[in-house]
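Chemist: model this:
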Amino acid sequence: MPLPKISEARELSDEKLVEEITAVKRQLFHLRLQKATRQLDKPHQFKHARHRLAQLLTVEGERKRAAASQSANAEK
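Modeler: A predicted model of the protein is given here:
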């Protein structure tokens with residue numbers, strides 16, 4: 001399974017982006033729980049989930065900074 005592309009995250013709407021972030025955080029929680037109880041089969045899933053979360057948070061931050069700069073430019 002290849003790592004997800006950030007272009008896929010950039011195509012998401014704002015609502016879908018928030019839902020996806022929540023889903024990945026929940027997935028990471030369940031992976032940690034499985035690791036603690038020694039039920040985890042595929043430890044590479046941690047890397048994929050953390051990578052996806054970083055992408056989603058990056059896109060969210062980009063959008064917030066873009067909105068902040070647009071509102072600052074509109075006030076001037």
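Chemist: so residue 48 touches residue 28, yeah?
Modeler: No. The pair residue 48 and residue 28 fails to qualify as a contact (Cβ atoms under 8 Å) at a distance of 10.3 Å. Where you see a C-beta, it was placed from the backbone N, CA and C, and this is true even at glycine.
Chemist: my read: residue 50 touches residue 31, true?
Modeler: No. Residue 50 is not in contact with residue 31 according to Cβ under 8 Å; the separation is 9.6 Å.
Chemist: so what does the helix or strand residue 8 falls within touch, helix or strand wise?
Modeler: Assigned by DSSP states H and E, residue 8 belongs to helix 6-10. Applying 3 or more Cβ pairs under 8 Å, 6 or more residues apart in numbering; DSSP states H and E, one finds that helix 6-10 makes contact with helix 44-75.
Chemist: now this structure, which segments are flagged as low pLDDT?
Modeler: Counting by pLDDT under 70, the ranges of the chain that qualify are 1, 76.
Chemist: what sits against residue 33?
Modeler: Neighbour list for residue 33: empty [criterion: Cβ atoms under 8 Å, 6 or more residues apart in numbering].
Chemist: please apply the same query to residue 51.
Modeler: Applying Cβ under 8 Å, 6+ apart, we find residue 51 in contact with 3-4.
Chemist: end-to-end on stretch 36-47?
Modeler: Start-to-end span of stretch 36-47 (Cα to Cα, to the nearest Å) is 17 Å.
Chemist: and that stretch, how far from the chain's centre?
Modeler: 19 Å (Cα atoms, centre = their mean, to the nearest Å).
Chemist: cool, and stretch 30-50?
Modeler: So, by Cα atoms, centre = their mean, the centroid of stretch 30-50 is 17 Å from its chain's centroid.
Chemist: same check, this time on stretch 12-27
Modeler: 7 Å.
Chemist: ok so, going back, the helix or strand that the helix holding residue 8 is followed by vs helix 44-75, what angle?
Modeler: Proceeding N to C from helix 6-10, the next assigned helix or strand is helix 14-36, under DSSP H and E. Between helix 14-36 and helix 44-75, the angle formed by their directions is 150 degrees, by axes from the mean of the first three to the mean of the last three Cα atoms, to 10 degrees.
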